[in-house]
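Peer 1: Take this sequence and fold it.
(chains A and B)
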Amino acid sequence: MSDKPTPLSGFPELLPEHRVVERAVIASLSRTFELHGFANIETRAVEPLERLSKGGEIDKEIYVLRRLQAEDSAGDSGLALHFDLTVPFARYVLEHAGKLEFPFRRFQIQPAWRGERPQEGRYRQFTQADIDIVGRDTLGFHHDVEVVRVMAEALAELPLPGLSIQVNNRKLIQGFYRGLGIPDVTAAIRQIDKLDKQEPGAVVALLVSEAGASEEQAWRCVEMARLRTSDTVYLREYVEGLGVEDELLATGLDELVAVVDGCAGVAGERVRVEANLRIARGLDYYTGTVLEIFLDGYERLKSIGGGGRYDALASDGRTTYPGVGVSFGVSRTVVPLLADGALAPGRKVPSLVLVALADEESRPASDAVARALRSRGIATEVAASPQKFGKQIRYAERRDIPYVWFPATDGSDGTDGGTDHQVKDIRSGDQSAADPHSWTPAEETEK
RNA sequence: GUGGGUGUAGCUCAGCUGGUAGAGCGCUGCGUUGUGGUCGCAGAUGCCGCGGGUUCGAGUCCCGUCACUCACCCCA
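Peer 2: I've put the predicted structure just below:
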């Protein structure tokens, strides 16, 4: 008992019937991404620490690697586990720039690690699915629209509740703040991001104290952030009606309208793309489009995905590689939904057929049946031991194997003239004669 | 990192003001001797998280510790 391992908080491990769902999600996402020409890559789990830590809040969540033999705590290797897929990707682009074709579009589905306190939907190891498009020196704005569309399409294919992709634009925010005359625009963005958990009055106070805004300016920031709509005509009216003139603001508004309008085609009942002027994103490398994804009914999970435009995340000094991308939290979404039954578990075992075993002497006959079925792509296993058939049926039932196959007997054991092959659908109880070289399972049991 | 909650059978949990451990589900067997699911009967299973203290006696009270969990912070 004391030998029984206890769970490690924040490192979720799925049972087979749950893992099969996660794998289906990953396969579905991959299919959609590839349909749009995104190539897959996998980056190493580890990056040099100084590349990861750029002085953000996230620094203290980084797991550092250290050899056990290292003399003391100062002896870390300078290597650390990546905490997202964007930073490693930027490094990858710089490192392999000479061998890549630009604009480079890739998707990446991998674990990432963060040393924070776990909670529902927040883990220390989690799988993330990212798509990005990166250009050399320049990257057309239409790619902003494209990545959002692709992710919207990919998410629409998944068996999830409804969700919304809420889009904003850093240029719009910055231009508005600049036009308003706020001294510290960056600080103001960080504060306005807190609107969803703080009272407007509290955020106003922060804007005044942290960003040097006047009280009146602060209230206008809060007012601007209030709008959330998928109606871009109204969006334009509203923003222009705020009475702030700024070139950057106008550009940002145009871009935001373009993204929302550009996604109108894929947006449907379950996946909505809308403008939300409160979305800012904490990370400071975003320069234009920013977005976050929220699951209907699971707002408590906060965003299940996010992303945006970054014009200068990767640069080797001579060349800059602007990019735009979106990431989706696979673990963050799948694990809580499985836990509360919103996602139905899959089967525990891939086998569709269990071939019964009469006795050890007839194992070759059972194996032959299994081989015939497998040769036609039907996942099949042979019973582990020649127990009573009732037991063997229960074995199949417990593993969610829908069919049990009773091999033919040739009558050589003297019982009678022998029997035909029989296959039983244990969900319905129906049993009938069948030929292992031609029998196929009913439609609905195929994956 | 800070604060709250919880650790009892494989799982979910009960166990009163301290008196030597329980239920449901699951599991095993039998009824049913090579066709499951229902039903009935029988059975197995616990260092009561760990360490210390109080006590004649601790699952129960006290202290510590570890783990899990929730919230804050931050984010996928």
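
Peer 1: since we're on the closest residue to residue A:225 other than its chain neighbours, how many residues are nearby?
Peer 2: Taking C-beta to C-beta, 6 or more residues apart in numbering, and ignoring the residues beside it in sequence, residue A:225 has residue A:278 as its nearest neighbour in space, at 4.1 Å. Where you see a C-beta, it was placed from the backbone N, CA and C, and this is true even at glycine. Neighbouring residues of residue A:278 were enumerated by other C-beta atoms under 10 Å; the total is 20.

Peer 1: again, but for residue A:34
Peer 2: Neighbour count for residue A:34, taken as other C-beta under 10 Å: 12.

Peer 1: any residue of the host helix or strand of it up close to RNA strand B?
Peer 2: The secondary structure element spanning residue A:34 is helix A:16-35 (assigned by DSSP states H and E). No: for helix A:16-35 and RNA strand B, the contact criterion (C-beta under 7 Å from any atom of the strand) is not met; the two come no nearer than 12.7 Å.

Peer 1: Can you name the element that comes right after that helix?
Peer 2: Beyond helix A:16-35 on the C-terminal side, the first helix or strand identified by DSSP H and E is strand A:39-40.

Peer 1: circling back: who are the contact partners of the residue nearest to residue A:225?
Peer 2: Taking C-beta atoms under 8 Å, 6 or more residues apart in numbering as the criterion, residue A:278 is in contact with A:168, A:192-193, A:195-196, A:225-226, A:228.

Peer 1: sorry, back to before: state the mean pLDDT of the helix holding residue A:34.
Peer 2: Within the predicted structure, the mean pLDDT of helix A:16-35 is 96.

Peer 1: Residues in contact with that helix: which ones?
Peer 2: Residues lying outside helix A:16-35 but in contact with it, judged by C-beta under 8 Å, 6+ apart, are A:14, A:40, A:107, A:109, A:127, A:129, A:131, A:150, A:153-154, A:157-158, A:328, A:330-331, A:334, A:338, A:343-350, A:400.

Peer 1: Can you tell me which of the contacts of residue A:278 has the most neighbours?
Peer 2: residue A:168 (27 neighbours).

Peer 1: closest point of chain A to RNA strand B, which residue?
Peer 2: Proximity to RNA strand B, evaluated over chain A using C-beta to the nearest atom of the strand, is greatest for residue A:329 at 1.7 Å.

Peer 1: In contact with the nearest residue in space to that residue that is not next to it in sequence, which residues?
Peer 2: In space, and not counting its chain neighbours, residue A:329 is closest to residue A:304: 4.9 Å by C-beta to C-beta, 6+ apart. Neighbour list for residue A:304: A:121, A:163, A:293-295, A:298, A:328-329, A:332-333 [criterion: C-beta under 8 Å, 6+ apart].
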